[in-house]
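[1] The sequence and its predicted three-dimensional model are supplied below.
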Amino acid sequence: MPTMITGRCFCGTVRFQFDHDPVTVRACWCRDCQYLASGNASVNAMFRTEGFTCTGDLGVYVSNADSGSVMRRSFCPRCGTQLFSQSDRRPQFIVARVGTLDDPSIGRPLATIWTASAPSWAQLDKSLPCFDGQPPAPPA
């Protein structure tokens, strides 16, 4: 039986699922993620876009990331929950915020990225691979 990973926004208007496990999970300290996570790192699970389904209307905010990518950040327009990000440079992947997963325990980070942007008080797990900026893309 295939893996089903499900999630939703805070109010439940938007629901989603993936039919596979994440490719990787990362804690991100880029400045954009600090804004989205209210000052902390954002913990994100990266999935292949194939096998992803979503119901409910999404709001989208488009911005340029420090990596140079154009990012599409999706959120619930009713409750404001940040749900997904997609990069124009990696359209084969969609990144889900681990806090939106019905079982966030699958979201244990495997790496920490954009550590050069972390504030001086950040607690970085040195047992994980750390990248000052954008790491290489994982295999599709």
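    On my side now, so go ahead.

[2] Could you pull out the strands in the protein for me?
    Under the criterion DSSP state E, the chain contains strands at 5-8, 15-18, 24-28, 42-48, 52-55, 59-64, 70-75, 82-87, 93-97, 111-113.

[3] for those, which one sits closest to Pro138?
    Taking CB to CB, strand 24-28 is the member of the strands of the chain nearest to Pro138, at 5.1 Å. Heads up, the C-betas are built off the backbone N, CA and C, glycines and all.

[4] I'd like the strands of the chain as a markdown table, with mean pLDDT appended.
    Below are the strands of the chain laid out as a markdown table (pLDDT from 0 to 100):
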| stretch | mean pLDDT |
| --- | --- |
| strand 5-8 | 98 |
| strand 15-18 | 98 |
| strand 24-28 | 95 |
| strand 42-48 | 95 |
| strand 52-55 | 97 |
| strand 59-64 | 94 |
| strand 70-75 | 94 |
| strand 82-87 | 94 |
| strand 93-97 | 96 |
| strand 111-113 | 94 |
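
[5] Could you dump those into CSV with distance to Trp121 added?
    Output for the strands of the chain, formatted as CSV (distance: least, CB to CB, whole Å):
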stretch, distance to Trp121
strand 5-8, 29
strand 15-18, 33
strand 24-28, 15
strand 42-48, 16
strand 52-55, 35
strand 59-64, 26
strand 70-75, 25
strand 82-87, 23
strand 93-97, 22
strand 111-113, 15
